[in-house]
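*Asks:* what's the 3D shape of this:
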Amino acid sequence: MKTTIEKDGDGYLAKVKDNPNLFAFAYSEEEAIIELKNVVEMIMDYHLEQINNERLIRNELTSMQEKYAVQV
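*Replies:* The predicted model follows:
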């Protein structure tokens, strides 16, 4: 994952290259990198939560399917 830092007004903008949704602004380069790390971790946590929710739904549907399965 490549990152870039560029001067932006009074501060710095840190971005993940080729991903326009992953960026952070701060007043120093170091703070911008720290903030970008926080953004990436937050996005990862969100996606993990979504995956866990989908697993729970799939398990519930599988249980329902087994409950209503017709024995032949």
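
*Asks:* Where do the strands of the chain begin and end?
*Replies:* With DSSP state E as the criterion, the chain has strands at 3-8, 11-16, 23-26.

*Asks:* can I get those strands in CSV with mean neighbour count and distance to Gln65?
*Replies:* Using the backbone N, CA and C atoms, a C-beta is placed for each residue, glycine as well. Shown next, in CSV, are the strands of the chain (neighbours: other C-beta atoms under 10 Å; distance: least, C-beta to C-beta, whole Å):
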stretch, mean neighbour count, distance to Gln65
strand 3-8, 13, 45
strand 11-16, 19, 40
strand 23-26, 18, 43
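
*Asks:* Out of those strands, flag the one nearest Ala69.
*Replies:* Nearest to Ala69, of all the strands of the chain, is strand 11-16, at 46.1 Å by C-beta to C-beta.

*Asks:* residues contacting the residue nearest the centre of the chain?
*Replies:* Residue closest to the average C-alpha location in the chain (C-alpha atoms, centre = their mean): Ile43, at 2.0 Å. For Ile43, the contact set (C-beta atoms under 8 Å, 6 or more residues apart in numbering) comprises Asn21, Leu22.

*Asks:* mind checking how far it is from Met64?
*Replies:* Here the criterion is C-beta to C-beta, to the nearest Å. By it, Ile43 lies 32 Å from Met64.

*Asks:* hmm, back to that, tell me the predicted confidence for the residue nearest to the centre of the chain.
*Replies:* For Ile43, the pLDDT comes out at 94.

*Asks:* Walking through this structure, point out its helices one by one.
*Replies:* Assigned by DSSP state H, the chain shows helices spanning 29-68.

*Asks:* where does it have its least confident helix or strand?
*Replies:* helix 29-68 (a mean of 93; mean pLDDT, DSSP states H and E).
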